[in-house]
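>>> here is a sequence together with a model predicted from it:
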Amino acid sequence: MTNAGWRAVELAAQLLDHDESEAVLGDLVESGESWWRDLLDISGLIVRRQAELWKSWRPWLASFGLALPASFLLMGFSLGVTRSFRHTGEAGLPLLAVRILLLGTWSWTGGYVVAAMSKRTLWLSVVSCCLPCLFCLARFRVPSLPSPCLLLFVPPAIWGVWQGSKLSGIKTRTAISLAAAVTLLTLLSMGQGLPAVYWVLLWPAWYLAATAETSTI
Amino acid sequence: MLGEFEYLLISAASGLGDQAYSGAIQREIASTTGRRCSIGALYTTIDRLEGKGLVKTYMGPATAQRGGRAKRMVRVTPKGVQAAKSFYDAVTGISRGARWAVKDAGGAS
C-alpha cells in the first residue's frame, strides 16, 4: 500500500464519525487489501452514510431552505447597510445602529441554525451559501461601493456556524429573548421601509426558541 | 423477521463471542459464504441491527496489528438471539420438503 494511497483513504475516513473512522481504518489495516480497494470500500460507506442523512428533512431545510435564500437576502441587506453607512447623517445613526445589529443577529442565528440543524451536511450548506455569493460578486456593478461589502454578513454567520456546531444547545430563556430582540429590531427596520421579504430571516431565531430545550447538535 | 445478511451477521457475531468485532465478522462471513461483504454493507447493517436492539456495539481496545486503532466490538443481545432463532427455525422449517434438504431424495437433479 503506497503512502499517498493510504493518505487518501485516511482523508476520506474523516468524513465519518471519529469512532467509526477509527474502527473502519483499523479493519482496513487488518484486511491488508490494496489501497484502491480500501478507498472503494470506505467510499461506499461514506455514500451510504450521506444517503441516510438525506432521508431526513433537516439537511434539505438547512441547505435549500435557509443557507441558499438567506445568503441572497443577507447580501442585499449588507449592501443596504454599507449604503446607509456612507450616506447617513447624525440623525440616521440610530437606524444605522439598528440595521447593523440586525445584520449581525440575522446572520448569527442563520449560521447557528444551519450548523445545529444538520452538522454532518454542513459542507453542502456552505456550498449553498458560497455559490450565490460568488454569483453576486461576479456580477457586482456599483462603482461607488467595493464588492466585499456584499459579504458583511459572513463573519457573524461563520461565528454562528462555529457556535452551532460546538455548543450542545441553547437555553430556552436566552433563545426566546434573542428571538424577541431580533423581531423588535426587524419591526423597527420595517417601519423605515425595509422590504417585507426580510421577515423570512426571522425564522431561524424562532426555530432556535422553539427547539431550545430539545436542541442537540 | 431478519434479512439474510442480518442473520449472517448475527450468527457470525454470536459464533465469535467476545472476539466479535466488525473486521472479524467480515472475515467470518467471507470464509463461510465465499462472498466478500463490503465495509459499507457491514457497518450500515450493524447500525440497523443496533437500532432494532438486536446487537449492542462498543469501542474495544486498540491493537498494534490494526495500526493502533480501536475495534468496534459487537455483542448479540437476547432479543437478537431470539430473532436469529426465529429466522433459523423458519428457514429450516420451510426447507424441510425441498430437494436439496432431503438427504434420500435420490440426489440432486
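Ah, there it is. Numbers count the residues shown, from 1 in each chain, chains lettered A, B, ... in the order given.
>>> quick one: residues contacting residue 83.
Just so you know, I chose chain A. For A:Arg83, the contacting residues are A:Leu145, by Cβ atoms under 8 Å, 6 or more residues apart in numbering or on different chains. For the C-beta atoms, the positions are set from N, CA and C on the backbone; glycine is no exception.
>>> oops, wrong one, chain B.
B:1-2, B:10, B:52, B:54.
>>> ranking by neighbours, what's the top pick from these?
B:Ile10 (27 neighbours; other Cβ atoms under 10 Å in any protein chain shown).
>>> and chain A, which residues reach chain B?
Counting by Cβ under 8 Å from any Cβ of the partner chain, the residues of chain A close to chain B are A:19-20, A:22-31, A:41-42, A:44-45, A:47-49, A:52.
>>> so where's the chain uncertain?
Reading this off chain A. For chain A, the stretches with pLDDT under 70 are A:1-2, A:89-91, A:168, A:213-217.
>>> that's the wrong chain, I meant chain B
Residue ranges of chain B with pLDDT under 70: B:103-109.
>>> got the residues of it near chain A?
Looking at chain A, the residues of chain B close enough under Cβ under 8 Å from any Cβ are B:21-23, B:26-27, B:38-41, B:43-44, B:59, B:62-63, B:65-67, B:69-72.
>>> switch the cut-off to 7 Å
B:22-23, B:26, B:38-40, B:43-44, B:59, B:65-67, B:69-72 (Cβ under 7 Å from any Cβ of the partner chain).
>>> re the thing from before, give me the buried subset of the residues of chain A next to chain B.
Buried members of these, scored by 16 or more other Cβ atoms under 10 Å in any protein chain shown, are A:20, A:22-31, A:41-42, A:44-45, A:48-49.
>>> got TSV for the contacts of B:Ala83, with secondary structure too?
Listed next are these as TSV, based on DSSP: H, G, I helix; E, B strand; the rest coil:
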residue	secondary structure
B:Met1	coil
B:Leu2	coil
B:Ile10	helix
B:Lys52	coil
B:Leu54	coil
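>>> looking at those, which one is closest to A:Asn3?
B:Ile10 (37.8 Å; Cβ to Cβ).
>>> quick one: the helices in chain B?
B:4-16, B:22-33, B:39-51, B:78-95 (DSSP state H).
>>> who does the second one touch, helix- and strand-wise?
Translated: helix B:22-33. Under the contact criterion of 3 or more Cβ pairs under 7 Å, 6 or more residues apart in numbering or on different chains; DSSP states H and E, helix B:22-33 touches helix A:18-31, helix B:4-16, helix B:39-51, strand B:69-76.
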